[in-house]
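Student: sequence plus the predicted model coming up.
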Amino acid sequence: MNAKEIVIISGKGGTGKTTITSSFVWLMHKHGEKFVIADADVDAADMHILLEPKIEYEEEFVGKSVAVIDDAECTSCDICRQLCRFDAIDIVDDTYRVNPFKCDGCTLCAIACPVKAIEMVPQVVGKWFLSSTKFGPMVHARLIPGAENSGNLVTMVKHQAHLISEKENIPYILVDGPPGIGCPVTSSISGASFVAIVVEPSFSAIHDMERATDTALHFGVPHGIIINKSGINPENEEQIKEFTKKRGIPFLGSVPFSMCVIDALVNKKIAASACSEVERKIEDIFSRILEVVNEKP
Amino acid sequence: MKSLKSRVLEALMKVQDPEVRQDVVKLQLVRDLKVDEDTGKVSLTFRPTTYFCPIGIQLALMVKQAIKSVEGVKEVNMKVVDFVWADRAMEYLKALDEKDSKQDEK
């Protein structure tokens, strides 16, 4: 069985992806649904703060290889430094050193080195975790600060979530996506059954929502719009609704800006569990998403 | 001597998904692997890690080539599923067989 995968993205950061996703988690659990939680925001994962997972298994994630020079073999011929178009090779205290942050892993230096003193060494760029929560199984990850390959780590997180869903016959996967529209986002929405785009009524969020919508459209993934923090700028909300009409995108509903949500987050609580008004709104939105998702075979 | 299935699995364990840098067996990308020890016929289902996997076709070809390289394997029936370019991957896999049979004829 292929699980239905619901992914929450936003474009702009801070619009409330995790607030909405964790509320979906709480509501599904309340209604007795079985699901796997995947935190695909590997650069700045924070679902674990609210869901308090117990880590059952963890594994290092290996990313790209970087060049490493063997001092004993190096003859200081300087060929590698001259060829490196990323300026990743420096001479430090008369020895040749590779700056791992600059090295792109292209392997040119290793090929060109006449004495084969350069080896390409795979780098650990993060860790992924299989955990249990009181709501269900969770897959999450942590990228090492400054490391690359976050899109590939997202692929691993989602793949592991699918393996759990297959093994335990779980029908849904809830994915808390990353902000932006780059590699980790495209990995997040790849193969999704539905993408919910969370927007707040601010100018930058609207701008980024349009880009996130274009990304979902490009990959042919069904998507809809949720307004979070509704009430802070009614004119901008109208603009968002107009956008959905013009594009023919389902408008899934609004979640009001509420001090209750802020209090909940400050106290490490899931918004829907602490605020009844918000719970009702998010429940309506989630019902609409499930309708769309379950329409498809 | 090891069974044909063991040797096929060993060959598959050398095929790495370059995106997540693990082998296709550990990642459980190879499913329903059946190996007939007498006839050398192998059948399997392959699925990439993700529906839009950018290297899904190449990976499918690598899987089939790895199996075909095992001594004693006579035929590989491989199905690609859960992949946006599954049909195209199947065409390439068929072309691989045709290329190999032409080389055998020579």
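Tutor: Received, thanks.

Student: burial check on the residue in chain B that chain A sits nearest to, number of neighbours?
Tutor: Closest residue of chain B to chain A, C-beta to the nearest C-beta: residue B:51 (3.0 Å). Using the backbone N, CA and C atoms, a C-beta is placed for each residue, glycine as well. Residues near residue B:51, counting by other C-beta atoms under 10 Å in any protein chain shown, number 21.

Student: around chain A, which positions in chain B sit nearby?
Tutor: Applying C-beta under 8 Å from any C-beta of the partner chain, we find that chain B lies next to chain A at B:19-21, B:27-28, B:49-53, B:82.

Student: Three-state assignment for residue A:187, please.
Tutor: helix (DSSP: H, G, I helix; E, B strand; the rest coil).

Student: quick revisit: quick one: the residue of chain B closest to chain A and residue A:188 touch, right?
Tutor: No: contact criterion C-beta atoms under 8 Å: residue B:51 and residue A:188 do not qualify, at 12.0 Å.

Student: can you read off the pLDDT for residue A:215?
Tutor: What the model reports for residue A:215 is a pLDDT of 95.

Student: so what's it closest to, chain neighbours aside?
Tutor: residue A:181 (4.6 Å; C-beta to C-beta, 6 or more residues apart in numbering or on different chains).

Student: what do you get for residue A:283?
Tutor: Per C-beta to C-beta, 6+ apart, closest to residue A:283 is residue A:27, 5.6 Å.

Student: residue boundaries of the strands in chain B?
Tutor: B:16-17, B:22-23, B:30-35, B:41-46, B:75-80 (DSSP state E).

Student: who's in contact with residue 8?
Tutor: All of this is about chain A. A:17, A:20-21, A:24, A:174-177, A:195-196, A:198 (C-beta atoms under 8 Å, 6 or more residues apart in numbering or on different chains).

Student: oops, chain B please
Tutor: B:33, B:35, B:42, B:67, B:70, B:73.

Student: one more pass at 6 Å, please.
Tutor: B:35, B:67, B:70 (C-beta atoms under 6 Å, 6 or more residues apart in numbering or on different chains).

Student: what's the closest non-adjacent residue to the second one?
Tutor: Excluding its sequence neighbours, the residue lying closest to residue B:67 (C-beta to C-beta, 6+ apart) is residue B:76, at 5.0 Å.

Student: wait, the one you found touches residue B:65, no?
Tutor: No: at 9.3 Å, residue B:76 does not count as touching residue B:65 under the criterion of C-beta atoms under 6 Å.

Student: those two: who's more crowded?
Tutor: Here residue B:76 and residue B:65 are set side by side on neighbour count (other C-beta under 10 Å), and the busier one is residue B:76, at 22 against 15.

Student: what's the distance between that one and residue B:69?
Tutor: 10 Å (C-beta to C-beta, to the nearest Å).

Student: quick one: which of the contacts of residue B:8 is most hemmed in?
Tutor: Most surrounded of these: other C-beta under 10 Å gives residue B:67, at 23 neighbours.

Student: mind checking pLDDT for the residue lying closest to residue B:62 once chain neighbours are set aside?
Tutor: Distances taken as C-beta to C-beta, 6+ apart place residue B:15 nearest to residue B:62, at 5.0 Å, with adjacent residues excluded. pLDDT for residue B:15: 97.

Student: wait, what's in contact with residue B:15?
Tutor: B:24, B:62-63, B:66.

Student: of the residues you listed, closest to residue B:1?
Tutor: For these, the minimum distance to residue B:1 (C-beta to C-beta) is 19.1 Å, reached by residue B:66.

Student: the closest one: what's it in contact with?
Tutor: Taking C-beta under 6 Å, 6+ apart, we find residue B:66 in contact with B:11-12, B:15.

Student: got CSV for those, with distance to residue A:150 too?
Tutor: Shown next, in CSV, are the contacts of residue B:66 (distance: C-beta to C-beta, whole Å):
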residue, distance to residue A:150
B:11, 31
B:12, 28
B:15, 24
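
Student: and the strands of chain B as TSV, adding distance to residue A:42?
Tutor: Shown next, in TSV, are the strands of chain B (distance: least, C-beta to C-beta, whole Å):
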stretch	distance to residue A:42
strand B:16-17	17
strand B:22-23	17
strand B:30-35	26
strand B:41-46	26
strand B:75-80	28
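
Student: so what's the residue nearest to residue A:215 up against?
Tutor: A:211-212, A:215.

Student: if you count contacts, what does the lengthiest helix in chain B end up packed against?
Tutor: Secondary structure of chain B read by DSSP state H shows that its longest helix is helix B:86-105. Helices and strands touching helix B:86-105, by 3 or more C-beta pairs under 6 Å, 6 or more residues apart in numbering or on different chains; DSSP states H and E, are helix B:56-68, strand B:75-80.
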